[in-house]
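below is the sequence, then the predicted model.
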Amino acid sequence: MTEKEKQELGLPYIASDPEVLKDLYPCEQECYELNHLPPSRLEERTDRLRKLLGKTGEHFKIIAPFFCDYGYNIEFGEHFFANMNMVILDEAKVTFGDHVFVAPNCAFYTAGHALNPGERNADIQYALPIKVGNNVWIGGNVVVLPGVTIGSNVTIGAGSVVTKDIPDNAVAVGNPCKVIKFIEP
């Protein structure tokens, strides 16, 4: 089994493997170019994002700067909005539903590193998918960790670190992020 296949299956893999690295560099270049387009070239920016990302809805907007690792592992539903400084480490699939709003400085990390220092120093990491449902608002400076699913009709409070799944219809805040109440959708 190749390291790329291990990565795609959520198994530990060697992050410095050439096959794993080969798609990072073109994405880094495209993110650089996207982030240097003036706001007056919004249509071009949107078209380039459509080509970079795995799937988008008809209507979406991402405010620069935006950073990701591969691009093709990211899917947005309809009416997705992300404010400035969104980072998505998409070593695994990251899926956002419809009507998702992401405040500034949010990060979605599918990649994690081995806890054992020897394995970590040997460049062993893993990647687990992140899924965000429909009608979700993610407050500023939120970090979502590998393997997390955020349900539909959810609000994540600013500054939260989401380490575990959040169920539908929840308001969740904190570090670690915890449900503080449920709401009617």
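Received, thanks. Keep in mind the model is a prediction, meaning the values are calculated, not measured.

which strand residues bridge residue 88?
residue 68, residue 108 (DSSP bridges).

tell me how far it lies from residue 24.
Going from residue 88 to residue 24 by C-beta to C-beta, to the nearest Å gives 13 Å. C-beta coordinates here come from the backbone N, C-alpha and C atoms, glycine included.

comparing those two, which residue is more hemmed in?
residue 88 (25 against 15; other C-beta atoms under 10 Å).

picking that back up, list the residues that contact both of residue 88 and residue 24?
Common contact partners of residue 88 and residue 24 (C-beta atoms under 8 Å, 6 or more residues apart in numbering): residue 69.

tell me where the protein has helices.
Assigned by DSSP state H, the helices in the chain fall at 3-8, 18-21, 24-35, 42-52, 117-121.

got a list of contacts for the longest one?
This points to helix 24-35. 45, 48-49, 52, 64-71.

redo these as JSON lines? Include neighbour count and distance to residue 99.
Listed next are the contacts of helix 24-35 as JSON lines, based on neighbours: other C-beta atoms under 10 Å; distance: C-beta to C-beta, whole Å:
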{"residue": "45", "neighbour count": "21", "distance to residue 99": "21"}
{"residue": "48", "neighbour count": "16", "distance to residue 99": "23"}
{"residue": "49", "neighbour count": "21", "distance to residue 99": "18"}
{"residue": "52", "neighbour count": "19", "distance to residue 99": "22"}
{"residue": "64", "neighbour count": "16", "distance to residue 99": "22"}
{"residue": "65", "neighbour count": "14", "distance to residue 99": "23"}
{"residue": "66", "neighbour count": "19", "distance to residue 99": "19"}
{"residue": "67", "neighbour count": "17", "distance to residue 99": "23"}
{"residue": "68", "neighbour count": "25", "distance to residue 99": "21"}
{"residue": "69", "neighbour count": "21", "distance to residue 99": "25"}
{"residue": "70", "neighbour count": "23", "distance to residue 99": "25"}
{"residue": "71", "neighbour count": "20", "distance to residue 99": "22"}
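
show me the contacts for residue 17.
Here residue 17 is in contact with 2-4 (C-beta under 8 Å, 6+ apart).

for residue 112, which residues are in contact?
125-128, 145-146.

which one (most neighbours) among the residues you listed?
Busiest of these [other C-beta under 10 Å] is residue 127, holding 28 neighbours.

mind listing what that residue touches?
By C-beta under 8 Å, 6+ apart, the neighbours of residue 127 are 7, 10, 13, 91-92, 110-112, 146.

how close does it sit to residue 61?
To residue 61, residue 127 is 27 Å away according to C-beta to C-beta.

just the buried residues of the contacts of residue 17.
Buried members of the contacts of residue 17, counted by 16 or more other C-beta atoms under 10 Å: 3-4.
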